[in-house]
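Undergrad: Generate coordinates for the sequence data below:
(chains A, B, C and D)
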Protein chains: 2
Amino acid sequence: MKIATWNVNSIRSRLEHATNWLQANPDVDLLCVQETKVVDEQFPLAAFTDIDYVVDFYGQKSYNGVALIAKAPLENVRRGFAGVLPAADVGDLDAQKRVISAEIQGIQVVNVYVPNGSAIGSEKYEYKLAWLKLLKQYLTALLQENPDLLICGDFNIALEDIDLHNPEKRAKHIMSSDVEREALQDVLALGLQDAFRKFNQEPGQYSWWDYRAGSFPRDKGWRIDHHYLTPNLYDRAVGCVIDKAPRELTKPSDHTPVIVEL
Amino acid sequence: MKIATWNVNSIRSRLEHATNWLQANPDVDLLCVQETKVVDEQFPLAAFTDIDYVVDFYGQKSYNGVALIAKAPLENVRRGFAGVLPAADVGDLDAQKRVISAEIQGIQVVNVYVPNGSAIGSEKYEYKLAWLKLLKQYLTALLQENPDLLICGDFNIALEDIDLHNPEKRAKHIMSSDVEREALQDVLALGLQDAFRKFNQEPGQYSWWDYRAGSFPRDKGWRIDHHYLTPNLYDRAVGCVIDKAPRELTKPSDHTPVIVEL
DNA sequence: GAGTAGTTGG
DNA sequence: CCAACTACTC
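TA: Have a look, this model is predicted:
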């Protein structure tokens, strides 16, 4: 089974790219997308049902938004933290639509769009840290139901220095500060391992390149889109690759897909 | 010699359409464009020089803007009314960039983007009428230098009932009210005749279709883009046609080119 | 640099 | 409907 993650930076702007990619990759069973930037009523559903995919979405106007695009119906689809966690714990952290989960072939899949955090120490940075804390609580609850869990998405965090092109500046940069890394490590301490690094220990492996300053042609990227797996699944994993091709197209997303095979 | 007029509704948005059209119509010596919507420093000049055209432009940010795109350098290029008319007469009517003129093969060519006028009786409607009054003064001055004059462009006026699809509503509609028609007739009284009607007396000949309400597929158009000629040139004219093809393209201008042959 | 939204203008 | 602008976010 193949599961992919792709921050599309607007599902409407990237509709052709997304459907073309699915058709070029017919062995992908589930594509988890982030930053759909559209309310559910306006999600471009027909483009996917026309090519025989089913879609579950959880979106909002302009910002954020996640969706699951699959070859067959998914089970137990849950939108946001509510429904899994008590409302008192969730607070207003569901106001931004950043998490959707479902089960596929007995595996619990969680698709996340972790907050960017803007700048270290900012109000958005604190939001990012609070969101990750709640994510850990959410995963803890799901793991009690199903020990085989895969969480993928845009984490907006490069965990290791080999995951970014300019590690010398990493301590003061959003997405690579110690506090963010520790917050993510705290989530992963539930027993989650990075699928990509099971197969590839090389630096220079990126999933996101800023639109600005010719980052892509200069390959000044970051690996911030991940698949993390519980032990059983990590053992089962047979491959994990970054597909740079969609980032080469005209009017691309700034992210490119990452695909894990189980 | 062939001279064309085309309101491109943003030269930057229509750059491909414009260069493709020039290459598909290599016998057009001069293309007069309107609504370039760009300041001169940002005019996409290279796209035209690369295919061996010379360009003179007179533009502003967001609105209006006119340009002359020619196979060979033009003579005596004049931007705006100033330089031809006394500043006291021009007032602030050059603040909007709507007129550029030049000489080609001994012919005085004037390229205009007449104000739309918004709604009958509005402030913009009064501006349109004042602008047309000044245009007459401008043409009077140019005619003293050269009796062979061609004025073309987007006039935002349909002079006769056969020039619009819904003449029954024409009296209360901007672009076809009596006052506007009289204002334009007063300009034409200098001795200018409509090149298109020398060759074609049929109704249903349009150069503009509103983007809204499916006007183009329903052919609910207006003929508001014209070539007016002084007597010598009118006698010399051998044809005048509307080329609907560019309006069929994806992301078209709402106007399509009109070409006169002399 | 590239999305979305809202506004103005046609 | 389409294009420009401003303001916002990433």
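Undergrad: Which pLDDT value does the model give A:V112?
TA: The pLDDT attached to A:V112 in the predicted structure is 98.
Undergrad: What of the one 4 residues further on?
TA: Per-residue pLDDT puts A:N116 at 96.
Undergrad: Now do the same contact list for it.
TA: Contacts were defined as Cβ atoms under 8 Å, 6 or more residues apart in numbering or on different chains; by that measure A:N116 touches A:K124, A:K128, A:N156, A:I174, A:M175. Any C-beta I mention is one placed from the backbone N, CA and C, and that applies to glycine too.
Undergrad: what's the answer for A:V84, then?
TA: With the criterion set at Cβ under 8 Å, 6+ apart, A:V84 makes contact with A:R78, A:Y138, A:A141, A:L142.
Undergrad: The first one against A:A102, yeah?
TA: Same thing as A:R78. Yes. Using Cβ atoms under 8 Å, A:R78 is in contact with A:A102, at 7.1 Å.
Undergrad: Residues of the stretch 151-262 of chain A that sit close to DNA strand C?
TA: By Cβ under 7 Å from any atom of the strand, the part of the stretch 151-262 of chain A that sits against DNA strand C consists of A:Y211, A:R212, A:A213, A:K251, A:D254.
Undergrad: quick one on the thing from earlier: restrict the contacts of A:N116 to those near DNA strand D?
TA: Residues shared between the contacts of A:N116 and the neighbourhood of DNA strand D are A:K124, A:N156 [Cβ under 7 Å from any atom of the strand].
Undergrad: before we move on, the earlier item: the contacts of A:V84 in helices, which ones?
TA: Secondary structure from DSSP state H places A:Y138, A:A141, A:L142 of the contacts of A:V84 in helices.
Undergrad: out of the residues you listed, who has the most neighbours?
TA: For the ones in helices among the contacts of A:V84, neighbours were counted using other Cβ atoms under 10 Å in any protein chain shown, and A:Y138 has the most, 25 neighbours in all.
Undergrad: Not counting its neighbours along the chain, what's nearest A:E202?
TA: The spatially closest residue to A:E202, leaving aside those adjacent along the chain, is A:I162, at 7.5 Å (Cβ to Cβ, 6 or more residues apart in numbering or on different chains).
Undergrad: Quick check, pLDDT for the one you found.
TA: Note for A:I162: predicted pLDDT of 97.
Undergrad: just A:L188 next, same as before
TA: Model confidence at A:L188, given as pLDDT, is 98.
Undergrad: Which residues are in contact with it?
TA: Taking Cβ under 8 Å, 6+ apart as the definition, contacts of A:L188 comprise A:D194, A:Y228.
Undergrad: What residues does the stretch 51-200 of chain A have near DNA strand D?
TA: A:Y63, A:P115, A:N116, A:S118, A:K124, A:N156.
Undergrad: Mark which of those are buried, thanks.
TA: A:P115, A:N116, A:N156 (16 or more other Cβ atoms under 10 Å in any protein chain shown).
Undergrad: and whatever residue of the stretch 51-200 of chain A ends up closest to DNA strand D, which of the three is it?
TA: Across the stretch 51-200 of chain A, no residue is closer to DNA strand D than A:N116, which sits at 3.6 Å (Cβ to the nearest atom of the strand). Here A:N116 is recorded as coil under DSSP: H, G, I helix; E, B strand; the rest coil.
Undergrad: Roughly how far does it sit from A:I51?
TA: Computed with Cβ to Cβ, to the nearest Å, the distance linking A:N116 and A:I51 is 31 Å.
Undergrad: give me the element the closest residue to A:L135 other than its chain neighbours is part of.
TA: By the measure of Cβ to Cβ, 6+ apart, the closest residue to A:L135 outside its immediate chain neighbours is A:V187, 5.8 Å from it. Secondary-structure element containing A:V187, defined by DSSP states H and E: helix A:178-188.
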